[in-house]
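Q: predicted model and sequence follow; I will ask about them next.
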Amino acid sequence: MKRNIVLSVLLFFLSFLLMAQPVEEVVESQVEVRVAALKGPTAMGLVELMEKGDENYSFTLEASPDAIVPLLAKGEVDIAAIPANLAAVIYNNTKNVKVIAVNTLGVLYLVGSGNEMIDSRGDLLGKTIYSAGKGSTPQYALESILSALSLEVGKDVFVEWKSEHAECVAALAKDPEALAMLPQPFATSALVQNSSFSVVLDLNGLWKSINGTPLITGCAVVRADFAESHPEAVEKFLRRYEESVEWVNGNTDEASVLIEKYGIIKAAIASKALPFCNIVCITGDEMKRDLTPYLESLYRSNPKSVGGTVPGEDFWF
């Protein structure tokens, strides 16, 4: 009798221990993950995940990084897809973000009137370049490239900053001798709207030939306190994010429909632009190997572009 009672008690505690781990996993899987992204390639890579309607995820799409930074600062979003240099700036100012993935490689192109390609430094001498994105990746990448080519802004090349990409396109239409620096998918949109426009220089390829490493546009970051409290939720998000990126890159037509559905850009433009948007989901050691030299290049060109210093080890998830 006594032996049966002991055995029953042991079986009860054994069943409790076996149940404990699944309960923890269920609790972890119920963590809400609030995601913000920019209306461009960073959001385009998320559309499959957005469409699946996983109740654990909510999404906010914004037109400008300036709208996302306060959301991170106030803890209103947990993960954000933002320009890579901005991630470094936020880290240096707050120490409350960690980078979890590189999500967009180079997307910058010079567009001109006509089909005359830019083949040498001399082809840029005296040119005016219209561009949006002052204070972010476009400015710092362009200045770094021009510096490497020994071209001085304001003397050899003239850059006029606009508030929107549409303004650059309008300025180029009025000034056919000039150039416009446009990211994808806006470069493709400009070519569709005006048949006289063409891509005259792939700045992504030029960057890589100069630096030996890829140009990086965007990354995904997580609030450090969220990552500390919910590391499994972050890992799960990264797995789903990678699946979404793979689906988008492998299903252009279907993905383009979703991209329009979520108000990012029209499907007709998205289908043409997607092959040039360089949407990726690079994590772990490869992420650090690609992103570190990019941030170091920006730092050498302008320390303010990364917040004064290249981030330390705490920057990496």
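A: Nice, thanks for sending it over.

Q: the strands in the chain, which residues?
A: 33-38, 57-62, 79-83, 97-105, 108-113, 128-132, 158-162, 179-183, 197-202, 216-223, 279-282 (DSSP state E).

Q: now the second one: average pLDDT?
A: Computed over strand 57-62, the mean pLDDT rounds to 96.

Q: what helices or strands is that strand leaning on?
A: strand 33-38, helix 47-52, helix 65-73 (3 or more Cβ pairs under 8 Å, 6 or more residues apart in numbering; DSSP states H and E). Any C-beta I mention is one placed from the backbone N, CA and C, and that applies to glycine too.

Q: partner strands of that strand and their direction?
A: strand 33-38 (parallel) (DSSP bridges).

Q: can you tell me what sits against the partner strand?
A: Applying Cβ atoms under 8 Å, 6 or more residues apart in numbering, the external contacts of strand 33-38 come out as 43, 46, 56-65, 68, 71-72, 76-82, 218, 230, 233, 237.

Q: now a PyMOL select for only the buried ones of those residues.
A: In PyMOL, a selection of the buried entries from these looks like this (16 or more other Cβ atoms under 10 Å):
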select buried, resi 43+46+57+59+61+62+65+68+71+72+77+78+79+80+81+82+218+230+233+237
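
Q: from the helices and strands packed on strand 57-62, which stretch is densest packed?
A: strand 33-38 (a mean of 22; mean count of other Cβ atoms under 10 Å).

Q: quick check: angle from that strand to strand 79-83?
A: 20 degrees (axes from the mean of the first three to the mean of the last three Cα atoms, to 10 degrees).

Q: returning to that earlier point: for Leu298, find the nearest of the strands of the chain.
A: strand 216-223 (9.6 Å; Cβ to Cβ).

Q: show me what the closest one packs onto, helices and strands only.
A: By 3+ Cβ pairs under 8 Å, 6+ apart, strand 216-223 packs against helix 41-44, strand 79-83, helix 84-94, strand 97-105, helix 284-301.

Q: can I get the last one in PDB, CA atoms only?
A: Right, the one you point to is helix 284-301. Output in PDB follows, covering the C-alpha atoms of helix 284-301 (Å, rounded to 0.1, in the frame of the first residue of the first chain):
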ATOM      1  CA  GLY A 284      24.600  35.600 -37.500                       C
ATOM      2  CA  ASP A 285      28.300  35.600 -38.500                       C
ATOM      3  CA  GLU A 286      27.600  36.400 -42.100                       C
ATOM      4  CA  MET A 287      25.600  39.500 -41.100                       C
ATOM      5  CA  LYS A 288      28.500  40.800 -39.000                       C
ATOM      6  CA  ARG A 289      31.000  40.000 -41.700                       C
ATOM      7  CA  ASP A 290      29.100  42.100 -44.300                       C
ATOM      8  CA  LEU A 291      27.800  44.900 -42.100                       C
ATOM      9  CA  THR A 292      31.000  45.700 -40.100                       C
ATOM     10  CA  PRO A 293      33.100  46.900 -43.100                       C
ATOM     11  CA  TYR A 294      30.100  48.900 -44.500                       C
ATOM     12  CA  LEU A 295      29.800  50.800 -41.200                       C
ATOM     13  CA  GLU A 296      33.600  51.200 -41.100                       C
ATOM     14  CA  SER A 297      33.500  52.700 -44.600                       C
ATOM     15  CA  LEU A 298      30.800  55.200 -43.600                       C
ATOM     16  CA  TYR A 299      32.800  56.100 -40.400                       C
ATOM     17  CA  ARG A 300      35.900  56.900 -42.400                       C
ATOM     18  CA  SER A 301      33.900  59.100 -44.700                       C
END
